[in-house]
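[1] With the sequence up front, the predicted model follows.
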Amino acid sequence: MIKRTTFIWSALLLLFGCQNLVAQSGFTAEAVAEEVEGRKVLLTLVLDGGAASYLLESKTAEEATWKAEKSVLPLELSKEGRMTVAVENYIPIQFRWTALDAEGNVILQSESEAVETGAKWFNPYRTGIFIMLLFVSGLILYYIESAKKAKEIYLRPIAGLNAFEEAVGRATEMGKSVLYVPGIMDLDQVETIAGVIILGHVSKMTARYETGLNVPVSRSLVMEASREIVRESYLSEGRPDLFHQDMVHYLTDDQFAFAAGVDGIMLREKPAATFYQGRFFAESLILAETGNSIGAIQIAGTGSPAQLPFFITACDYTLIGEEFFAASAYLGKDPKLIGSIKGQDIAKAGIMILIGLGVVLETFGFSAFRELFKAM
Amino acid sequence: MSVNILGGWIAAFLTLSIFSYLYKDNPFYKMAEHIFVGVSAAYWGTLAFWNQIVPNLFGRLWPAAEYSSLEGFNVAWYKLYHGLHFLSRSIFPISEDGTIIGIPGDQTQNLTYIFPFILGVFMLFRLIPSIGWLSRWSLAYVVGLAAGLRMYGYMNSNVLAQMYGTILPIEWLPELSFFGNLGNIFNTLVIIVGVLSGLFYFFFSMEHKGVFGTVSRIGIYFLMVSFGASFGFAVMGRISLLIGRFNDLIEYAHSQYYFATFILLGVMIVTLYVLSRKPDEASEV
């Protein structure tokens, strides 16, 4: 007859063992590879268990062995376990997902089906963005047309933009020049493009008031575009005689060397007004502090959130984010641009309504709505 | 004096020269500034040419190939390379025995790169005023391409990702304590109110008065608080950079560098003092 204590111990051991078995059987691994678009595969990696790290490998049909793609720590994985991997088009490729313990031993492995990518006209994963772009573009186009039909559109005053003319006027009165820095990035950044467009308006003012203009740049393409736009401004104001090529001049591509060069210009020429309009990085405070120390009226504008605090601290006026992008519409008073501002405002209102609706639905447990906005 | 010690002296001198700007504009700062700007401009120019244009453009148009294996169009195409080789042997090399022709590297031939090549040549036409207008095509291409490409990127990261991150449930989680739940709800509300009021601030076609004015004022408070936090964080980073420079200066002040920092600092202070005693030319006039 089995003793009662032995029975209890056996039962406990069995229960413990079963629990372990349950834990093991609940440990699953799955790798699903889907074609997203040319040269890109979306991997959904489902792993359930406490692995120390994961190894992702790939193999094409022609290769005999697995090739390591990357090692992934559990923390690096998103909740959904999704990641995109760059591949070559028209070559079937298979992925293997391996869970490793702390000693590097394989716990579990899963292989995906072979997947082949190719050039595509439409990426279904980006339908959400496509609809959003159509919605925003449609609104903007509609309001541009409305503005063209002479429908007056109200724009609230922005202090920084009203100060543009004041700053150039001050430089004129003092008989000093205006310094304009269109950021330190190339023309492939929208902030630089916006900065160069605003330069067109500022150079019109300097042409009108016969004030000196100095535009140091850090990229060759920006120099060419800025020269073109300044020349156009001086021509349109009927003062081509005041324009000279050296108004816009190249310093260097290097970030801090450029900052040192602009600081030197500020200390020697002592401009009465300085404009920082474009994309800036760590040099923003160096420039703005130097401008402040020479007593120049300073107007900054950028879309870089990390640099705005420095400009706000050291400049007289700062155009924050969208104010900066809206500046050319304000300064140029072109109905097309003003219409686009109105269109963007309506798009913003739509976005706010969608966020409000999403919060209510999410609170009541309808998560599908939020998933529509998942960035891809 | 070893190269290391000479390097230490130059580094200490340039660092102190840049710091001398804190006193006022002076010849040391001017010299360091001009060296910095000149050297970096040359460095970036060289880097762009040898790391971008040669391997990524020329390397794709004329990748290294065995001369005997060339056939069809490539025979004539590599004849053009021969002409370029004549202009510059270092940029367009040919192996000594003449069997390998083309830019060394692992690029494969892609003749569509002829278009960026042409656009690049157009930029150089600015040097010839009569056809300088062609450079506008290159500029238009870059600006148009940037606008189109960024439109998707901004919509994805600045709009959709922001919406996804803001649509949060105001939930009462049973696993959290009363205060834990309150904190959770408060955090969610801060995010939602912050984003919505911040968006209100950026409404341009509406007068910010009454309720709209109040909401937009809340928005600007949120923006200012975030800017303050960002400012503090960045200042911490800058202090660590300053400590890095001081560490170097302290190292160069040791005997193994023959007290470079102290000697240079002394020479600079004396020179600046002498210069400050010299009557200003402008005031004499």
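    That came through, no problem. Numbers count the residues shown, from 1 in each chain, chains lettered A, B, ... in the order given.

[2] could you pull out the helices for the stretch 201-350 of chain A?
    A:220-236, A:255-269, A:284-293, A:308-314, A:322-332, A:335-363 (DSSP state H, counting those that start in this stretch).

[3] export those to JSON lines and tack on distance to residue B:130 and mean pLDDT?
    No exception for glycine: its C-beta is placed from N, CA and C like everyone else's. Below are the helices of the stretch 201-350 of chain A laid out as JSON lines (distance: least, CB to CB, whole Å; pLDDT from 0 to 100):
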{"stretch": "helix A:220-236", "distance to residue B:130": "16", "mean pLDDT": "95"}
{"stretch": "helix A:255-269", "distance to residue B:130": "33", "mean pLDDT": "94"}
{"stretch": "helix A:284-293", "distance to residue B:130": "38", "mean pLDDT": "94"}
{"stretch": "helix A:308-314", "distance to residue B:130": "43", "mean pLDDT": "94"}
{"stretch": "helix A:322-332", "distance to residue B:130": "31", "mean pLDDT": "90"}
{"stretch": "helix A:335-363", "distance to residue B:130": "33", "mean pLDDT": "92"}
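
[4] Which one, of those, ends up nearest to residue A:151?
    Residue A:151 lies closest, by CB to CB, to one member of these: helix A:335-363, at 8.5 Å.

[5] Looking at the helices of the stretch 201-350 of chain A, spot the one closest to residue A:56.
    helix A:335-363 (31.9 Å).

[6] in the closest one, what counts as buried?
    For helix A:335-363, burial by neighbour count (16 or more other CB atoms under 10 Å in any protein chain shown) applies to A:335, A:337-348, A:351-352, A:354-355, A:358-359, A:361-362.

[7] residues from the stretch 101-250 of chain A in reach of chain B?
    A:128-129, A:132-133, A:136, A:153-156, A:158, A:186-190, A:193, A:220-221, A:224-225, A:228, A:250 (CB under 8 Å from any CB of the partner chain).

[8] so what's the residue most central in space within chain A up against?
    The residue lying closest to the centre of chain A (CA atoms, centre = their mean) is residue A:304, at 8.8 Å. By CB atoms under 8 Å, 6 or more residues apart in numbering or on different chains, the contact set of residue A:304 is A:191, A:279, A:280, A:281, A:284.

[9] could you pull out the helices for the stretch 151-285 of chain B?
    Using DSSP H, counting those that start in this stretch, helices in the stretch 151-285 of chain B cover B:161-166, B:178-201, B:210-252, B:260-277, B:281-284.

[10] ok, and which of the ones you listed has the densest surroundings?
    With neighbours defined as mean count of other CB atoms under 10 Å in any protein chain shown, the helices of the stretch 151-285 of chain B peak in mean count at helix B:161-166, which reaches a mean of 18.

[11] That helix packs against which elements?
    Applying 3 or more CB pairs under 8 Å, 6 or more residues apart in numbering or on different chains; DSSP states H and E, one finds that helix B:161-166 makes contact with helix A:335-363, helix B:178-201.

[12] Mind doing that once more with 10 Å?
    helix A:335-363, helix A:368-371, helix B:178-201 (3 or more CB pairs under 10 Å, 6 or more residues apart in numbering or on different chains; DSSP states H and E).

[13] chain center to the first one: distance?
    Think helix A:335-363. 19 Å (CA atoms, centre = their mean, to the nearest Å).

[14] how far off helix B:178-201 does it point, in degrees?
    160 degrees (axes from the mean of the first three to the mean of the last three CA atoms, to 10 degrees).

[15] Does helix A:335-363 reach chain B?
    Yes - Helix A:335-363 lies within reach of chain B by CB under 10 Å from any CB of the partner chain, at A:338-339, A:341-349, A:351-352, A:354-363.

[16] returning to what we had before: put together CSV for the helices of the stretch 151-285 of chain B, with mean pLDDT and distance to residue B:26 on each row.
    Formatted as CSV, the helices of the stretch 151-285 of chain B follow (pLDDT from 0 to 100; distance: least, CB to CB, whole Å):
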stretch, mean pLDDT, distance to residue B:26
helix B:161-166, 91, 48
helix B:178-201, 89, 44
helix B:210-252, 92, 18
helix B:260-277, 94, 6
helix B:281-284, 52, 15
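
[17] Make a markdown table from those and add distance to residue A:201 to it.
    What follows is the helices of the stretch 151-285 of chain B, written out as a markdown table (distance: least, CB to CB, whole Å):
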| stretch | distance to residue A:201 |
| --- | --- |
| helix B:161-166 | 30 |
| helix B:178-201 | 23 |
| helix B:210-252 | 25 |
| helix B:260-277 | 42 |
| helix B:281-284 | 35 |
